[in-house]
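In: Give me a model of this one.
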Amino acid sequence: MSVTKVRWLRTGSRESDLTLAHAARQLSRYVERLTGQVWSIKSAKAHRAGADTAWLGICDALPEPPSGALTTAPWDDGFAVWAEDEQLFVAGRNARSVLFGVYAFLESQGVRFLRPGPAGEVIPSLKDVTLPAEPIADAPRYRHRGLCIEGAPSINHALAVVDWAAKNRFNTIFLQFFSSRYFYNRWYEHKYNTLYRGHEISDAQALALDERIIAAMKRRGQVFHRVGHSWTSAAFDMPRSGWVTADDSEIPEEFAHFPAELDGERKLFHGIPINTEICYSYQPAFDRFVENIVKYAEEHPEIDVVHVWLSDAPNNKCECEECRPLSISDWYAKVINALSAELSKRAPNTRFVFLCYFELLWAPEKVTIEDPEGKAIMMFAPISRCYAHALNDPECTDGEVWERPELNKFSAPHSNAYFIDRLREWRKAFQGDSFDFDYHLMWANWRQCTDTLVARVIWEDLKVLKDLELDGIVSCQSWRNFYPSGLASAALAQGLWNPDDSWEDFRHRYLETAYGPHAEAADVYLARTQELLATDDPHWQKPPFSTMDGAALNEADSYLKAAQADLSARRKAETNRVYRRSLELLAHHAEFLRHLVAAYQARAASKPALANLEVDRAADYLRRTEARLSMYMDTELALRCSVDPHRTE
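Out: I've put the predicted structure just below:
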């Protein structure tokens, strides 16, 4: 191949040009790492004939690809990569898609983006790159492919994940609240691990860190979502970022009537401002709620999608006589209609998300949603669903007939059939844009003590979400989710783009990439540990190992001891850094599980104090090893969900 230079085509849009320039730098950088060749980079006004050039541009500025014409689109991705007359072409429906096309070309050369950071990338050594003999044309199954900040990230973790997300075709990043301070402080304060010297991040510092993340996502052309819960407390000027507590006396007197009336009183719900609902029938509260959102959108044009959620708690809705005639979903429909009209006039480039969650899983009955400009996006959030079954699995039902709950008498079902019923009703009430806001990698993988079970659930969900009229997933999850295998994160990325492969083929391909010559051993280990972790509960609600008898526990310990020794030996002998790290994570996992097994062995021997000591040792093991694994494992969540459930009083 004789390409020696990269030319990206200017668009006149600062945002698009920023992303196209980044795509050109990425192409040149990885070609140099692959071959040692240096491809020069310049921008150009228009394409011109001639050999030795890689041309990058939005589809309307380049020749039509042999695979068929592309059309420009700000929200929907798609790209084509082809060679013609010793030139390489990468065209996309938007600048972000051009970047995705660059990564697809690099993958055709053997590059793989397995985990965040350079140590997670597979980059072969080549004499030269190869032009595609046939066009590479691709488009995603789903429009919305995103990650929502959760857990305990540092700024370095967050920036690495944003980069990994773009390389794996995620087009959306969602930063919750008005700043990410709550999440940063879970890392920087480090209250869960005294081996670190923690410090608090201020609001100003958190906003400065957020700006770095926003700059990183804008450079990659990713869609920027922001806020979520916060608007109810913002309406009465109370804390609005995170689940912080406050005193009722702090509610400003002028807003005393804003909080929802419960049991005849208007006060904070359990002392948490963002968990406090407002009185939507009180016009000043309704108007201020809407105006705050519209004004925020006007002041923050960098935000593509503002999330407008109500409070983060059930059974806290206003009981006053004026609110009672409408359900909370009907009041929400009124908010949606008001926002749609106001944003269309005052912030026409900003869309908004509304949330189907808790009582809001029940669709409105009396108020029709009116969104003629398509500003609204429905976000379906089945937070209490089962993560041992796919969302549409008919076996995951409790056999109940679900009636709309009375005011403030909601209880959260765990049956996936319940959520399918609620979704069908919402799709009758709103036929517009939508996605699933799901929690596969928030708690379930840590509680299950493996990521392989939920990986398959993700894959099965993504095979059917389109049929359920949900156009993707924005995943509410810890951003450090590559333990013990990374299979679930890969399933989310690949499944959002194209879930057509069988689960078995996808799993095999991933393990080959992650473990190379050790793929079969890794497959055996992951399958066997999933068997050991299973209990007699098909929904995986019971803690792993908790239903084993003494003989089974001894067998589990013997297997894990041998597996840990084998994986450690393989790691020690392996020279490839990607395979070494993959094996290290599995060996670490085996050692961690042995501590949990030891706890249940002690319990089986009627030694509860020793059992809890073994649980403490499991926790200490995670804390001691956090430094070297922090990019891949959220230790704070692992301690809460993988360790604490195994303690006894």
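
In: how much space between P364 and P284?
Out: 23 Å (C-beta to C-beta, to the nearest Å). The way it works is simple: take the backbone N, C-alpha and C, and place the C-beta from them, glycine included.

In: no, scratch that, I was asking about W540
Out: The value you get for W540 to P284, if C-beta to C-beta is used, is 47 Å.

In: Likewise for D85?
Out: 67 Å.

In: do K542 as well
Out: Applying C-beta to C-beta to K542 and P284 gives a distance of 49 Å.

In: Please apply the same query to H300.
Out: Taken as C-beta to C-beta, the span from H300 to P284 is 24 Å.

In: Not counting its neighbours along the chain, what's nearest D537?
Out: Leaving aside its sequence neighbours, D537 sits nearest to T547 (C-beta to C-beta, 6 or more residues apart in numbering; 7.8 Å).

In: With L567 instead?
Out: The spatial neighbour of L567 that comes closest, neighbours along the chain excluded (C-beta to C-beta, 6+ apart), is A587 at 3.9 Å.

In: Burial check on the one you found, number of neighbours?
Out: 22 (other C-beta atoms under 10 Å).

In: what sits against it?
Out: Contacts of A587 were listed using C-beta atoms under 8 Å, 6 or more residues apart in numbering, and they are Q564, L567, S568, R571.

In: again with K191
Out: The contact partners of K191, by C-beta under 8 Å, 6+ apart, come to G198.

In: Next, R581: phi, psi?
Out: phi -70, psi -40 (degrees, to the nearest 10).

In: Surely it touches E121?
Out: No: if you go by C-beta atoms under 8 Å, R581 and E121 don't touch, sitting 11.0 Å apart.

In: Between these two, which has more neighbouring residues?
Out: Counted by other C-beta under 10 Å, R581 and E121 do not tie: R581 has more neighbours, with 23 against 19.

In: hmm, back to that, higher neighbour count, W540 and P284?
Out: Using other C-beta under 10 Å as the criterion, W540 and P284 rank with W540 on top: 20 against 13.

In: That one: which element?
Out: When elements are assigned from DSSP states H and E, W540 belongs to no helix and no strand.

In: same check, this time on M379
Out: Following DSSP H and E, one finds M379 within strand 376-380.

In: Show me where the chain dips below the pLDDT cut-off.
Out: Scanning the chain for pLDDT under 70 picks out 1.

In: what helix or strand does G146 sit in?
Out: Mapping G146 onto the secondary structure by DSSP H and E places it in strand 144-148.

In: tell me how far the helix or strand following that strand is from the chain's mean position?
Out: Using DSSP H and E, the helix or strand that follows strand 144-148 in sequence is helix 155-167. Chain-centre distance of helix 155-167: 12 Å, with C-alpha atoms, centre = their mean, to the nearest Å.

In: Nearest residue to E395 in space, please, no chain neighbours.
Out: Using C-beta to C-beta, 6+ apart, the nearest residue to E395 is H389, at 6.5 Å.

In: Return the residues in contact with the one you found.
Out: Neighbours of H389 in contact, by C-beta under 8 Å, 6+ apart: E395, C396, N416, V457, P538, H539.

In: that older thread, report the secondary structure element holding the residue nearest to L567.
Out: helix 577-604.

In: Verify the stated contact: D138 with A91.
Out: No: applying C-beta under 8 Å, one finds D138 not in contact with A91, separated by 11.8 Å.

In: can you pull the contacts of P273?
Out: Going by C-beta under 8 Å, 6+ apart, P273 touches T232, S233, F236, M238, P239, R240, V244, A246.

In: any idea how far D263 is from the third one?
Out: F236 is 19 Å from D263, where distance means C-beta to C-beta.

In: Which of these two has more residues huddled nearby?
Out: Neighbour comparison, F236 and D263: the larger count goes to F236, with 23 against 7 (by other C-beta under 10 Å).
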